Structures are given as C-alpha cells and as structure tokens.
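*Asks:* below are the sequence and a predicted model; questions follow.
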Amino acid sequence: MAIEIVPTGAALGAEIRGLDLRLDLDVESIDIVKRAWRDHLVLSIRDQDISDADLVRFSEYFGRLRLAPLGEARMRGRSRSPDGYPEVAIISNVIRDGLPIGSLGNAEAIWHTDMSYIEEPIMGAILYALEVPRSGGDTGFANMYLAYETLPDELRSTLEGRVCLHDGSLNSAGFPRQGYEEVTDVTRTPGARHPLFRTHPETGRPALFLGRRRNAYIPGLVVEESEALLDAVWAHATQSAFTWRHRWRVGDLLMWDNRAVLHRRDAFDDGERRVMHRTQIEGDRPYYERA
Ligand code: SIN
C-alpha cells in the first residue's frame, strides 16, 4: 500500500496513511516518515493495533529511546512503565490498588515541552492511544518556528542571547515530581538552563524554546521583569494561529518534534478512562546560532 501524507491544513501536523506498525518498515518507508516529520512537526497514524514491542520498534527507527522519566510523587514508587518496557511511560488517570498507573491524571496538562528541565531534552515523543474518553483529553500542538519568525522586534531583541530556567519540580498537570522540593523562589527553580531561541539541529531553522511557564525564570533579570517578558512571549507563542489539536480515537499514534513544538492536553471527566503509552527519543543540548 502506498504511503500518503495528508497535511492538517493548520499551522502544523499531517496524517500518514498506508502504514501498519505491527510490521517492520523498510528503509524507504522510514525515510518518508522522517521527512514528513521534519516538514510537519507532528504526525498522526490512525487505526493501529500495536503492542508495546511494536511501539518500541517503531520508535527506535528515529533514535535511541530514553527510559520513562521520573514519576509523580503521588505514585509513591510505583513503576510508570508496563512490565518489561522501562522505555514506555504510561500516561493515564486510572487508579489501581489506590495508586495511579501513570502520570497526568485527568487534569489539563498546560502547554509544555517534554523533559526540558534536563540538560539534553528529548528530541521527540511518540504517544499511542489504548483507551480514550468519550469527550475531552484532546492534545494540542503549537509551531515554535512560526512563533519565532513572527516575534515582535522589540521582544526578539530583548530575548536574543538570553536563557531560561526550566522547572523540573512540577509536571504539566501540576503534580510534584519525585525527588524535587517545592519552588518558593523562581530564581532558584531546580532544572536546566536553555537558550530561549534554539536552532533545530536537522533543519537549521530557529525556533522559540519555552519549556513550561510555571516557575520559569530568565536569569539576570529582576523577577518582575522576567515574569512580564515570559508572559508576553508565552501569549505570543500559544496564539491559536500557530496551533492544531488532535481528537483521539483508540489506535491513534501521534509523534511530535519536541525541538520545535509545544503541546498541551485538555482535561476530561475522571469517570472516563484514558490510557496512553509513550516513548521518548533521546535528544541533544539545545543551542542557538544567530542567523
Ligand atoms: C504528554 O504531555 O506527553 C502527554 C499528552 C497527552 O496525554 O495527550
């Protein structure tokens, strides 16, 4: 079956048709997916029926996998991964034996970049839907190339050359992560520092690189100035013209380029079940080369 790429028509995203991810892909097909991913930043592949082994095999076409990140403190040591697959993170609101089986619960997950609180954030993530709520729980994406290209001049020149401190203490749904203290002073936020603009290592294009708004701080500025600048750049980056959202069906797989998109997730009714399995592909240290 021929592979077809169908752009969403929005600021980013495309659907890839004609793939069965239970099977090995040949070199040519992998190359088509890689090119489409580079061009559209987010890809959806629908109507799949895959195991964790299939998810891992497909993910490894794009790089080395990173183990599932630290879980939420409320998981109290429960593994975030299905048995035998430490590289697969479970994202779910399901509670078993009094403890969550995965992270993020049913709350809204605010706009974020995955794992930007570490020195070498992942280059991308692949998320597969096993159970989805009847409504809510959509995942939205925002194109950070466009956000960079359309930055007002004054904001661009103020941010040029600056870094941002990326919080590791809270995940995108606001749950504390294991092993982190609560942040009471953003100048001491625990997490990595990254340039606010980053050069995409494959395309050479500059993108805004924001992480999470909560507890972020621009070192070298007084807190009020940092807060005002961050509010302005976040409002610019997440405007609807740069976004697209995915309404999930069971069997959907989504992959996003974590170096050039932000993503978020809508809340949903906690009486419904949402179970997703995610892999994380290793990335490298963000850098910025002024054009
Ligand atoms: C994530 O933020 O990695 C998960 C997004 C989702 O659950 O839709």
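*Replies:* In hand now; what should we look at? Residues are numbered from 1 along each chain as shown.

*Asks:* for the rest of this, base every contact and every neighbour count on C-alpha atoms.
*Replies:* OK.

*Asks:* now the stretch 101-250 of the chain against the ligand: closest residue?
*Replies:* Nearest residue of the stretch 101-250 of the chain to the ligand, counting by CA to the nearest ligand atom: residue 139, 4.6 Å away.

*Asks:* list the residues that contact the residue nearest the centre of the chain.
*Replies:* Centroid check for the chain by CA atoms, centre = their mean gives residue 114 as the closest residue, at 4.1 Å. Listed by CA atoms under 8 Å, 6 or more residues apart in numbering, the contact set of residue 114 reads 121, 122, 125, 211, 258.

*Asks:* distance of it relative to residue 211?
*Replies:* Going from residue 114 to residue 211 by CA to CA, to the nearest Å gives 7 Å.

*Asks:* before we move on, what about residue 77?
*Replies:* Distance of residue 77 to residue 211, given as CA to CA: 26 Å.

*Asks:* more neighbours, the two?
*Replies:* Comparing residue 77 with residue 211 by other CA atoms under 10 Å, the one with more neighbours is residue 211, at 27 against 12.

*Asks:* surely the more buried one meets residue 168?
*Replies:* No - under the criterion of CA atoms under 8 Å, residue 211 makes no contact with residue 168, lying 10.0 Å away.

*Asks:* which residues do the two both contact?
*Replies:* Common neighbours of residue 211 and residue 168, counting by CA under 8 Å, 6+ apart, are 115, 117.

*Asks:* show me where the stretch 51-200 of the chain has strands.
*Replies:* Here the stretch 51-200 of the chain has its strands, by DSSP state E, counting those that start in this stretch, at 65-66, 88-92, 95-96, 99-100, 103-104, 109-112, 124-131, 139-143, 163-165, 193-195, 197-199.

*Asks:* would CSV of the ones you listed with mean neighbour count and mean pLDDT be doable?
*Replies:* Shown next, in CSV, are the strands of the stretch 51-200 of the chain (neighbours: other CA atoms under 10 Å; pLDDT from 0 to 100):
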stretch, mean neighbour count, mean pLDDT
strand 65-66, 18, 98
strand 88-92, 24, 97
strand 95-96, 11, 96
strand 99-100, 18, 94
strand 103-104, 24, 95
strand 109-112, 22, 97
strand 124-131, 22, 98
strand 139-143, 24, 98
strand 163-165, 23, 98
strand 193-195, 23, 98
strand 197-199, 24, 98
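
*Asks:* which one, of those, ends up nearest to residue 285?
*Replies:* Comparing the strands of the stretch 51-200 of the chain against residue 285 with CA to CA, the closest turns out to be strand 193-195 (8.2 Å).

*Asks:* contacts for that closest one?
*Replies:* 117, 119, 161, 162, 163, 164, 165, 166, 209, 286, 287, 288.

*Asks:* from residue 146, how far off is the third one?
*Replies:* In other words, residue 161. Distance from residue 161 to residue 146, counting by CA to CA: 19 Å.

*Asks:* which residues in the chain form helices?
*Replies:* In the chain, the helices defined using DSSP state H lie at 27-40, 52-59, 144-149, 153-159, 223-237.

*Asks:* which among these is found nearest to residue 135?
*Replies:* Minimum separation from residue 135 across the helices of the chain (CA to CA) falls at helix 52-59, 25.0 Å.

*Asks:* what does the average pLDDT come to for the closest one?
*Replies:* Averaging pLDDT along helix 52-59 yields 98.

*Asks:* could I get it in PDB with only the CA atoms?
*Replies:* This file holds the C-alpha atoms of helix 52-59, laid out as PDB (Å, rounded to 0.1, in the frame of the first residue of the first chain):
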ATOM      1  CA  ASP A  52       4.400  -2.200  23.400                       C
ATOM      2  CA  ALA A  53       7.100  -4.200  21.400                       C
ATOM      3  CA  ASP A  54       5.700  -2.700  18.200                       C
ATOM      4  CA  LEU A  55       5.700   0.800  19.700                       C
ATOM      5  CA  VAL A  56       9.300   0.400  20.800                       C
ATOM      6  CA  ARG A  57      10.400  -1.000  17.500                       C
ATOM      7  CA  PHE A  58       8.800   1.800  15.500                       C
ATOM      8  CA  SER A  59      10.100   4.500  17.900                       C
END
